[in-house]
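Visitor: Make a model of this:
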Amino acid sequence: NDFMRGYELYLNDGLPANLFASGQPNFVSPVRRVPDNSDTVVVTEVEPQFVRYIKLKSIINAGYEIDELEIYGTGFVPEAAYESLPLEMDDESVWGSIRWIEHTAGDAADSGVEVRVRSGADDTPDVYFREILVGGVRTGLSTEDDQGNALTEASYQRLLREGRAVIKQTDADNWSGWQLVANGEGLSLPAPRKFFQFRVDFANQSLDAARALARLSFEFDPPPVDALIAEVTPAEAKIAEVTTFTFVARADNDSGRDGFERFEIETPAAVTAVRSVELQDASLNVIARADFSLADLLNLPVRDGDFVLESVADDHFSLALPRVTASGTRIKVIFDGAVFRYGTRFQGRAFTTGVDLPLLSDGGDATPDIGTNDQLVRVTLSSQIAGDVQAQPSVFTPNADGANDFTSIEYSILHLLTASPVDVSIHDLSGRRVRSLPVDDSINGRFRIAWDGQDDSGKLVPPGIYLIAVEIRSDAGTERSVGQVAVVY
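Guide: Numbering: from 1, shown residues only. Below you'll find the predicted structure:
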């Protein structure tokens, strides 16, 4: 007879808007109110919903006992996370791509998954602190728990459950910070490192929607040398203007690894010239050199002695060189190129035969001849997105005689962080559009597209002056840049 004679049932989803400032749930109104209960076993159902807190309140002034409370749910929780243990490789490693397989339940638009990774030098990626409070005011931090023992993950979690003020941070001296990655993306984690860790965060907006990871894999290989330190000069350049850069990378290899014989430099756009390449020993003496200043970049590869300029692409150029094994060996490359946004990074990539993944260079003091200690090049800040538009040749004759039948439209995109829609179109002097040229979404760089003098119907346009409009639609708005070209017969 000592059961609850009347009750109210409250639910709270735990969202910040439904909590007090103290973090306690704010139960506003009951989802079920029974003032005259006569059942010793109560079964009550509510509409499926996200619930974090439950409150059962007696509304009758009479004693009672609850023998058992069972809660049954359906669907998927709104948030979940999985953090792997630090994974130890057999050797210090460089990183390749990461991939995973996702399974989806319900509407895919109502669920999401984020994967983050980091690399480190040991198996303890985090450091823990306990706040020292005096009168509710923080007076300091301690790396020990309230019993004087060093804080660990287990004691941190215990204090966290108890509502104690504790802090968890990445050990920045030995580990990189978490990086959000996309499926299939190449990892840009610090390397070589021996430990790898990943974290998966799941979020669902409805009870019947969720995602799961069936498999996650990543690539790794041993590095060709212990480390690659690089810097570039000048540290500042005018945006979209061709500049001569000097890039120096120093190989550290005290452990005697196999070394590398191919080297790439990542660039924001295709370089216009590679002037020279040289190897220097640890004392800065030149031990080998090549001159590519007269090389035709459209007709590669080109050899000069033991060096080969293999290729020039839109985002890098590649060199073959004598194998680099000795610690302190420097690679000095002088080349011409342009930058298209603030904080452009030139990064070296060292490859060795039989290993697919390169060792990426880190910024630092590679040589006393350069004082930047960095791989970043800055430009004058500007809000301009659409750069200049030019046609080469500026006058052409599309009459199918094999000479000047096409013009190459060149344009620049500046300061974008993500690819954005681009529209390239040809207009007559009245402003009427005569031709739309297909262009993929683009990010910063210098781009080219050919025009054959035809309109959208495939007919040759009349002779005259035509305007070239390049329109870029980004988060900052739409911006247009205009050039001109002449058609003659």
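Visitor: which SSE is Leu159 in?
Guide: Taking DSSP states H and E as the criterion, the element that holds Leu159 is helix 153-161.
Visitor: elements contacting the lowest-mean-pLDDT helix or strand in the chain?
Guide: The helix or strand of the chain with the lowest confidence, counting by mean pLDDT, DSSP states H and E, is strand 137-142 at a mean of 85. The contact analysis (3 or more CB pairs under 8 Å, 6 or more residues apart in numbering; DSSP states H and E) places strand 137-142 against strand 126-134. Bear in mind the C-beta positions are built from the backbone N, C-alpha and C, glycine included.
Visitor: The strand it packs on pairs with which strands?
Guide: Under the criterion DSSP bridges, strand 126-134 sits next to strand 137-142 (antiparallel), strand 166-170 (antiparallel) in its sheet.
Visitor: Pick the most buried one from the ones you listed.
Guide: Among the strands paired with strand 126-134, ranked by average contacts under mean count of other CB atoms under 10 Å, first place goes to strand 166-170 (a mean of 14).
Visitor: Could you tell me which residues make contact with Lys194?
Guide: Lys194 makes contact with Glu88, Met89, Asp91, Glu92, Ser93, Gly120, Ala121, according to CB atoms under 8 Å, 6 or more residues apart in numbering.
Visitor: any chance of those residues in TSV, plus secondary structure, pLDDT and distance to Asp36?
Guide: Below are those laid out as TSV (DSSP: H, G, I helix; E, B strand; the rest coil; pLDDT from 0 to 100; distance: CB to CB, whole Å):
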residue	secondary structure	pLDDT	distance to Asp36
Glu88	strand	97	64
Met89	strand	96	67
Asp91	strand	94	73
Glu92	strand	95	72
Ser93	strand	96	69
Gly120	strand	96	62
Ala121	coil	95	67
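Visitor: And the residues you listed, which is closest to Val470?
Guide: Nearest to Val470 out of those is Ser93 (CB to CB; 43.1 Å).
Visitor: What separation do you get for that closest one and Gly259?
Guide: 17 Å (CB to CB, to the nearest Å).
Visitor: who has more neighbours, these two?
Guide: Shown here are Ser93 and Gly259; by other CB atoms under 10 Å, Ser93 has more neighbours (23 against 17).
Visitor: okay but the more buried one is in contact with Phe195, surely?
Guide: No. Ser93 lies out of contact with Phe195 (CB atoms under 8 Å); the separation is 9.3 Å.
Visitor: List the residues that contact the closest residue to Ala450 other than its chain neighbours.
Guide: Excluding the flanking residues, the one nearest Ala450 by CB to CB, 6 or more residues apart in numbering is Phe406, at 4.8 Å. Neighbour list for Phe406: Phe396, Pro398, Ala450, Trp451, Asp452, Gly453 [criterion: CB under 8 Å, 6+ apart].
Visitor: Grab the nearest non-local neighbour of the last one.
Guide: Closest residue in space to Gly453, ignoring its immediate chain neighbours: Pro398 at 2.9 Å, by CB to CB, 6+ apart.
Visitor: for that neighbour, helix, strand, or coil?
Guide: coil (DSSP: H, G, I helix; E, B strand; the rest coil).
Visitor: What is the burial count for it?
Guide: 19.
Visitor: what does Val34 give?
Guide: Val34 has 17 nearby residues by other CB under 10 Å.
Visitor: correct me, but it touches Met4?
Guide: No. The pair Val34 / Met4 is not scored as a contact, 9.0 Å apart, by CB under 8 Å.
Visitor: wait, isn't Arg480 in contact with Ala469?
Guide: Yes. Assessed by CB under 8 Å, Arg480 is found in contact with Ala469 at 5.9 Å.
Visitor: the more surrounded of these two?
Guide: The residue with more neighbours, out of Arg480 and Ala469, is Ala469; 18 against 14, by other CB under 10 Å.
Visitor: what is the rounded mean pLDDT of the helix or strand harbouring that one?
Guide: Secondary structure from DSSP H and E places Ala469 in strand 464-474. Averaging pLDDT along strand 464-474 gives 92.
Visitor: Show me the strands paired with that strand, marking each as parallel or antiparallel.
Guide: Strand 464-474 has these strand partners (DSSP bridges): strand 422-427 (antiparallel), strand 477-487 (antiparallel).
Visitor: Mind listing the residues bridging to Ser318?
Guide: Assessed by DSSP bridges, Ser318 has beta-bridge partners Glu264, Ser311.
Visitor: ok, it - contacts?
Guide: So Ser318 contacts Arg262, Phe263, Glu264, Leu309, Glu310, Ser311, Val312 (CB under 8 Å, 6+ apart).
Visitor: Can I take it that Ala109 is in a strand?
Guide: No. Under three-state DSSP, Ala109 sits outside any strand and is assigned helix.
Visitor: So for Val34 and Met4, which residues contact both of them?
Guide: Jointly contacting Val34 and Met4 under the rule CB under 8 Å, 6+ apart are Val42.
Visitor: For the protein, which residues score under the pLDDT cut-off?
Guide: 380-383 (pLDDT under 70).
Visitor: Give me the angle between the helix holding Leu159 and strand 126-134.
Guide: 40 degrees (axes from the mean of the first three to the mean of the last three CA atoms, to 10 degrees).
Visitor: Any chance you could list what contacts helix 153-161?
Guide: Contacts to helix 153-161, defined as CB under 8 Å, 6+ apart, come from residues Asp126, Tyr128, Arg130, Asp145, Asp146, Asn149, Val166, Lys168.
Visitor: mind listing what the closest residue to the second one other than its chain neighbours touches?
Guide: On the basis of CB to CB, 6+ apart, the spatially nearest residue to Tyr128 that is not a chain neighbour turns out to be Leu151, at 3.7 Å. By CB under 8 Å, 6+ apart, the residues touching Leu151 are Tyr128, Phe129, Arg130, Ser142, Thr143, Glu144, Asp145, Val166.
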